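Asks: Generate coordinates for the sequence data below:
(chains A, B, C and D)
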2 protein chains.
Amino acid sequence: MNTTEEVLDFVHHGHERYLPHLSIDCVIFGYHEHQLKILLIRHHQHDRWSLPGGYIGRHETLTEAANRILAEKTQLSNLFLEQFYVFGDSPTRMNRIETQQTHNTTYAKVGVTIGENHWLSERTLSIGYYALVDYLNVVVKPEYLVDEYCWWDASELPELEYDHNEIISKAFLTLRAQIYQQPVGYNLLPKKFTLPEIHALYESILDRQFDRRNFRKKLLALGMIRQLPEQRKIGPHRSPFLYEFDLEGYRRAVEDLSVRAF
Amino acid sequence: MNTTEEVLDFVHHGHERYLPHLSIDCVIFGYHEHQLKILLIRHHQHDRWSLPGGYIGRHETLTEAANRILAEKTQLSNLFLEQFYVFGDSPTRMNRIETQQTHNTTYAKVGVTIGENHWLSERTLSIGYYALVDYLNVVVKPEYLVDEYCWWDASELPELEYDHNEIISKAFLTLRAQIYQQPVGYNLLPKKFTLPEIHALYESILDRQFDRRNFRKKLLALGMIRQLPEQRKIGPHRSPFLYEFDLEGYRRAVEDLSVRAF
DNA sequence: CCAAAAGTGTTCGCCGTACACCCATGT
DNA sequence: ACATGGGTGTACGGCGAACACTTTTGG
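Replies: Numbers count the residues shown, from 1 in each chain, chains lettered A, B, ... in the order given. Sure thing, here's the model as predicted:
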């Protein structure tokens, strides 16, 4: 939505095109300079930041809706995007009033007031999706009602609107649990990357240290990555080798792991 | 709902008490005679079976709704009950007509027809919950619109209504993945159980064989179960020892496991 | 030549795996 | 006595963990 007209149409006729009571919130993870990042937005005249999100079209599948919303924000498609939880317990999700005031601050920009019985004021459950994107490929698209976009360090997040801190916590837990099943690095890193990069990525996601030698040995033994005969120049230091993912090898490795005892 | 009046009130006024467009479906797992079971219901005059489910009250949290629905069917509360996925992609969830006809077969019992714009005919996403219950403790509560309840072997399910086969598949995958994080046996087995019982349970959930000696060794080493000085009489065979869960030991074991490398 | 970062190999101990015989019980 | 099912110990191999010095590069 980029014009006053579009926003007004959404406010007045959105309930005809979208399902009420349900929204999608996206936790978009990126990785840059040894830090796991999350993309947040700040709505017009709001102090607190929030997760990018949207509604589900009445004629759109849930998966289509999630992909559309992500593409609207990042201009990227065909990304790693996965549902992880539905949020419907938090007091802010049960209490209409606070939500209503928050909406009104936003929509004041187009001169409308959201009443108590307006579809945007109704109780809304939110379906959480998390995405893994290559930080450098993301070009954030400005939107009319959004004042600012920013990548925040996952370890130093501010207090967010609604229950969005809770949503991010759950997304983070899911990411951690999925790191053994999903080629997390494949989605968060560029096609070619160095060992120190993927090493630091795993350390920041799992919040523990790995021995450099054992780490490389394991990844190569699993067949998860392949060393390339190229190096990267990184200033006054020894040049690290570049590696690439071997998705097929990764798939096989995950399969083998799942056959192990508990 | 146990009377015609209650059903009619639900059909005509349900949308005032419940959120439209959203439902909850419960995959209730039990375990009996070396078989993993799932509780299914058959609605009035339907050929196909389906999962027990319900709607979310407008003033009820999501968790409360799931627990209420489960308690309504099984008379049990304080169970293991966990959300695992939202289903909103299946063609049967996008296509109103089929759903409408299905509803009409059910509600014909109270002499009402569900029109195209009726709240029950609208597109509905379903939140999947799975429960682990002690088969022997479940007393199924009859309901007006349900002709039959039955525990089905998880490995021999019939073709179900809507996308319920898909929901069960996903629940089963989740259960498998969670078996290393959750005390699955604690919820599916009685307080005291024998080694062969828990052994067969793990084999049926993970669909592979475990060596009896290694299995016992592992569970005891983890501190997950404790051997009791009692035995169970099982007819013309050697009496197996009884065991009980050590939830605290289990928690510690899971924590330790999560510190291992990948 | 120095600082900073990357590359590399070996040893040890535990855990996961494979494997087979004896024991208890009721008929 | 016998049929059925349950209980129990050992040996091997592989993988995860710990560990430190050398090489490269630009300034």
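Asks: Am I right that A:Lys37 sits in a helix?
Replies: No: assessed by DSSP: H, G, I helix; E, B strand; the rest coil, A:Lys37 does not belong to a helix; its assignment is strand.
Asks: dump the residue contacts of it.
Replies: By C-beta atoms under 8 Å, 6 or more residues apart in numbering or on different chains, the residues touching A:Lys37 are A:Phe29, A:Gly30, A:Tyr31, A:Tyr135, A:Trp151, A:Trp152, A:Asp153, A:Ala154. For glycine as for every other residue, the C-beta is placed from the backbone atoms N, C-alpha and C.
Asks: Tell me the buried residues within the residues you listed.
Replies: Buried by 16 or more other C-beta atoms under 10 Å in any protein chain shown: A:Phe29, A:Gly30, A:Tyr31, A:Tyr135, A:Trp151, A:Trp152, A:Ala154, out of these.
Asks: helix or strand for A:Ser126, which one?
Replies: strand A:125-132 (DSSP states H and E).
Asks: Could you pull out the buried residues of stretch A:69-81?
Replies: The neighbour-count check on stretch A:69-81 (16+ other C-beta under 10 Å) flags A:Ile69, A:Leu70, A:Lys73, A:Thr74, A:Leu76, A:Leu79, A:Phe80, A:Leu81 as buried.
Asks: Give me the residues contacting it.
Replies: Everything outside stretch A:69-81 that qualifies as a contact, by C-beta under 8 Å, 6+ apart, is A:24, A:26, A:28, A:39, A:41, A:52-54, A:66-67, A:129-133, A:137-141, A:182, A:187.
Asks: Nearest residue to A:Phe29 in space, please, no chain neighbours.
Replies: Counting by C-beta to C-beta, 6 or more residues apart in numbering or on different chains, A:Phe29 lies nearest to A:Leu132, which is 5.3 Å off, once chain neighbours are set aside.
Asks: ok, the one you found touching A:Val184?
Replies: Yes: between A:Leu132 and A:Val184 there is a contact at 6.3 Å, judged by C-beta atoms under 8 Å.
Asks: so what's in contact with these two at the same time?
Replies: Common neighbours of A:Leu132 and A:Val184 (C-beta under 8 Å, 6+ apart) are A:Leu175.
Asks: ok, back up a step: now restrict the contacts of stretch A:69-81 to buried residues only.
Replies: A:24, A:26, A:28, A:39, A:41, A:52-54, A:66-67, A:129-133, A:138, A:140, A:182, A:187.
Asks: which helices and strands does the longest strand along chain A pack with?
Replies: Of all the segments assigned as strand in chain A under DSSP state E, the longest by residue count is strand A:18-32. Contact analysis of strand A:18-32 by 3 or more C-beta pairs under 8 Å, 6 or more residues apart in numbering or on different chains; DSSP states H and E lists strand A:35-43, strand A:53-57, helix A:62-74, strand A:125-132, helix A:164-178, helix A:184-188 as its packing neighbours.
Asks: So is it next to DNA strand C?
Replies: No: under the criterion of C-beta under 7 Å from any atom of the strand, strand A:18-32 makes no contact with DNA strand C; the nearest approach is 14.7 Å.
Asks: Tell me what angle that strand forms with helix A:62-74.
Replies: Relative orientation of strand A:18-32 and helix A:62-74, computed by axes from the mean of the first three to the mean of the last three C-alpha atoms, to 10 degrees: 50 degrees.
Asks: quick one: strands adjacent to strand A:18-32?
Replies: Sheet pairing for strand A:18-32, assigned by DSSP bridges, gives strand A:35-43 (antiparallel), strand A:53-57 (antiparallel), strand A:125-132 (parallel).
Asks: Give me the contact list for the second one.
Replies: Judged by C-beta under 8 Å, 6+ apart, the contacts made with strand A:53-57 from elsewhere in the structure are A:14, A:17-19, A:22-26, A:62, A:64-65, A:68-69, A:72, A:126, B:88, B:125.
Asks: Buried ones among the residues you listed?
Replies: A:18-19, A:22-26, A:62, A:65, A:68-69, A:126, B:88, B:125.
Asks: Now flag whichever of these is closest to DNA strand D.
Replies: Using C-beta to the nearest atom of the strand, A:Cys26 comes nearest to DNA strand D of the buried ones among the contacts of strand A:53-57, at 33.0 Å.
Asks: Could you pull up the residues touching the closest one?
Replies: A:Leu51, A:Pro52, A:Gly53, A:Ala66, A:Ile69, A:Leu70, A:Lys73, A:Leu81, A:Tyr129, A:Tyr130, A:Ala131.
Asks: Reformat these as CSV; add pLDDT.
Replies: Converted to CSV, these look like this (pLDDT from 0 to 100):
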residue, pLDDT
A:Leu51, 98
A:Pro52, 97
A:Gly53, 96
A:Ala66, 98
A:Ile69, 96
A:Leu70, 96
A:Lys73, 90
A:Leu81, 97
A:Tyr129, 98
A:Tyr130, 98
A:Ala131, 97
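Asks: The lowest-mean-pLDDT helix or strand in chain A and chain B in contact?
Replies: Lowest by mean pLDDT, DSSP states H and E among the helices and strands of chain A is helix A:96-107, with a mean of 78. No: counting by C-beta under 8 Å from any C-beta of the partner chain, chain B has no neighbours in helix A:96-107; the shortest distance is 10.4 Å.
Asks: quick one, the longest strand of chain A and helix A:164-178 angle?
Replies: Here strand A:18-32 runs at an angle of 60 degrees relative to helix A:164-178 (the same axes, to 10 degrees).
Asks: Phi, psi for A:Arg232 please.
Replies: Per-residue torsions, A:Arg232: phi -110, psi 140 (degrees, to the nearest 10).
Asks: what's around it, how many residues?
Replies: Burial of A:Arg232 is recorded as 12 neighbouring residues (other C-beta atoms under 10 Å in any protein chain shown).
Asks: And A:Leu222, by the same measure?
Replies: Counted by other C-beta under 10 Å, the residues lying close to A:Leu222 total 17.
Asks: do you know how far it is from B:His118?
Replies: Using C-beta to C-beta, to the nearest Å, one gets 54 Å for the distance from A:Leu222 to B:His118.
Asks: Repeat that for A:Phe210.
Replies: 57 Å.
Asks: re the thing from before, would you format the helices and strands packed on strand A:18-32 as a markdown table with distance to A:Thr113 included?
Replies: Formatted as a markdown table, these follow (distance: least, C-beta to C-beta, whole Å):
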| stretch | distance to A:Thr113 |
| --- | --- |
| strand A:35-43 | 16 |
| strand A:53-57 | 20 |
| helix A:62-74 | 26 |
| strand A:125-132 | 23 |
| helix A:164-178 | 24 |
| helix A:184-188 | 42 |
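Asks: Show me what the nearest residue to A:Lys192 once chain neighbours are set aside bridges to in the sheet.
Replies: Distances taken as C-beta to C-beta, 6+ apart put A:Leu242 closest to A:Lys192, at 4.5 Å, once the chain neighbours are dropped. As for beta bridges, A:Leu242 partners with A:Thr194 under DSSP bridges.
Asks: what residues are up against A:Leu242?
Replies: Neighbouring residues of A:Leu242 by C-beta under 8 Å, 6+ apart: A:Lys192, A:Phe193, A:Thr194, A:Gln227, A:Leu228, A:Glu230, A:Gln231, A:Arg232.
Asks: Out of those, which are close to DNA strand C?
Replies: Within the set of the contacts of A:Leu242, contact with DNA strand C (C-beta under 7 Å from any atom of the strand) is found for A:Thr194.
Asks: Any quick ChimeraX command for the buried ones out of the contacts of A:Leu242?
Replies: Selection of buried members from these for ChimeraX, criterion 16+ other C-beta under 10 Å:
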select /A:193,194
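Asks: what about the helix or strand hosting A:Ala253 and DNA strand C, any contact?
Replies: A:Ala253 belongs to helix A:247-257 when assigned by DSSP H and E. No: using C-beta under 7 Å from any atom of the strand, helix A:247-257 never reaches DNA strand C; the gap is at least 9.9 Å.
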